[in-house]
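Asks: have a look at this prediction, sequence included:
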Amino acid sequence: MSRPVWQGAISFGLVNIPVQLQTAVQEKTVSFHMLSKDGSCRLRRKLYCPETGKEVDFGDTTRGVEIAKDEYVLVDDKEIERMRPEKGRTIAIEQFVKLDEIDPIYFDRAYFVAPTNGSDKAYKLLHEAMKESGRVGLALFVMRGRQYLCALRVSSEGLILHTMHYPDEVLSIDDALPSTLAKAKGPAKELGVARQLIDAMTHPLDLSNFHDDYREQVNALIERKRSGKKIVAPADDHDDAPAPKTSNLMDALRRSLSVSKTPRTRQPRRPRVTSRRRRTAA
């Protein structure tokens, strides 16, 4: 079980429920360090002026925001500290909404919410009330010097808190879409087949069928290297090749439908070494 990252209370009207937050997701990425060529020394970065080459001590630095090329506004640490939100220990629920009213694009990190200091009864009350209402709570709270907007929702026997992006942080999809899309019309005949394909590819959810193939391959490579095996990387996988384009939409839909009548389980890939360069390592 992960250590608590925040402790305080949920403010629900005049009811305060002591709780703690624990990390709900542990990302499993592979971290690489920068080493000397022979791997005998872990390298460190240093601060220096690119014009003079002079190294600068961290204590002799200040913060700045670039407002134009090579033009900065300097901000003192004390000025920043005066504007930080007051340290609080309350997740103040502002309102309740339906979960489907919140676009998933707003969600950021997830935390388990657990009762503390004998608040089991009040915690259970809030959980059951929210479960019956089918609502999630929108709240504000301060953690690590930053004020967060968050959504508090019901999950099985407990509560989960999702930190959220503020509205002005989320960009409009209209800026990403071509102007010609509004005039494009979906072919009526192909639409029916596309719906059939969606139905054929709809199966009960089992996320365990999905794997991070890259991470598994890298971990397998590391284990083989630890055991002293010789590793020979295959040729490039042509990642730069353009994505194939469907020339006959109806034909592609029908062929897709024919191979999607039965559920398919994604099999784990056999670990192999991938590299954008040919390389032999001992």
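Replies: Cool, got the structure.

Asks: low-confidence stretches in the protein?
Replies: 1, 229-249, 253, 260-282 (pLDDT under 70).

Asks: domain ranges for it?
Replies: Using automatic domain parsing, the domain parsing of the chain gives 4-25+84-169, 184-281.

Asks: dump those domains to JSON lines, plus distance to G59 and mean neighbour count.
Replies: All C-beta atoms are positioned from the backbone trio N, CA, C, and that covers glycine. As requested, the domains of the chain are arranged in JSON lines below (distance: least, CB to CB, whole Å; neighbours: other CB atoms under 10 Å):
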{"stretch": "domain 4-25+84-169", "distance to G59": "21", "mean neighbour count": "16"}
{"stretch": "domain 184-281", "distance to G59": "38", "mean neighbour count": "11"}
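
Asks: quick one: these as CSV, columns for distance to D60 too.
Replies: Below are the domains of the chain laid out as CSV (distance: least, CB to CB, whole Å):
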stretch, distance to D60
domain 4-25+84-169, 24
domain 184-281, 39
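
Asks: just the element for V142, please.
Replies: Assessed by DSSP states H and E, V142 sits inside strand 135-143.

Asks: cool, and S31?
Replies: Using DSSP H and E, S31 falls outside every helix and strand.

Asks: on that earlier part again, so what touches the strand holding V142?
Replies: Residues outside strand 135-143 that contact it (CB atoms under 8 Å, 6 or more residues apart in numbering) are 5-6, 8, 10-12, 21, 85-88, 90-99, 102, 130, 147-154.

Asks: of all the domains of the chain, which lies closest to E71?
Replies: E71 lies closest, by CB to CB, to one member of the domains of the chain: domain 4-25+84-169, at 24.3 Å.

Asks: distance between the ends of that closest one?
Replies: Across domain 4-25+84-169, the terminal residues are separated by 28 Å (CA to CA, to the nearest Å).

Asks: and Y111, what does it touch?
Replies: V5, W6, L21, Q22, T23, A24, I160, L161, H162, T163.

Asks: what of S258?
Replies: S258 neighbours (CB under 8 Å, 6+ apart): none.

Asks: please enumerate the strands of the stretch 151-282 of the chain.
Replies: 158-164, 231-232, 280-281 (DSSP state E, counting those that start in this stretch).

Asks: for the first one, name the packing helices and strands.
Replies: With contacts defined as 3 or more CB pairs under 8 Å, 6 or more residues apart in numbering; DSSP states H and E, strand 158-164 has these neighbours: strand 107-115, helix 120-133, strand 146-155.

Asks: for A252, which of these is the nearest?
Replies: Closest among the helices and strands packed on strand 158-164, once you apply CB to CB, is strand 107-115, at 33.4 Å.

Asks: now the closest one and strand 146-155, what's the angle there?
Replies: Strand 107-115 runs at 70 degrees relative to strand 146-155, counting by axes from the mean of the first three to the mean of the last three CA atoms, to 10 degrees.

Asks: got phi/psi on the nearest residue to K54 once chain neighbours are set aside?
Replies: In this structure, K54 finds its nearest non-sequential neighbour in Y48, 6.3 Å apart by CB to CB, 6 or more residues apart in numbering. Main-chain torsions, Y48, degrees, to the nearest 10: phi -150, psi 160.

Asks: circling back to that earlier point, make TSV out of the helices and strands packed on strand 158-164 and add distance to L181.
Replies: Output for the helices and strands packed on strand 158-164, formatted as TSV (distance: least, CB to CB, whole Å):
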stretch	distance to L181
strand 107-115	26
helix 120-133	38
strand 146-155	31
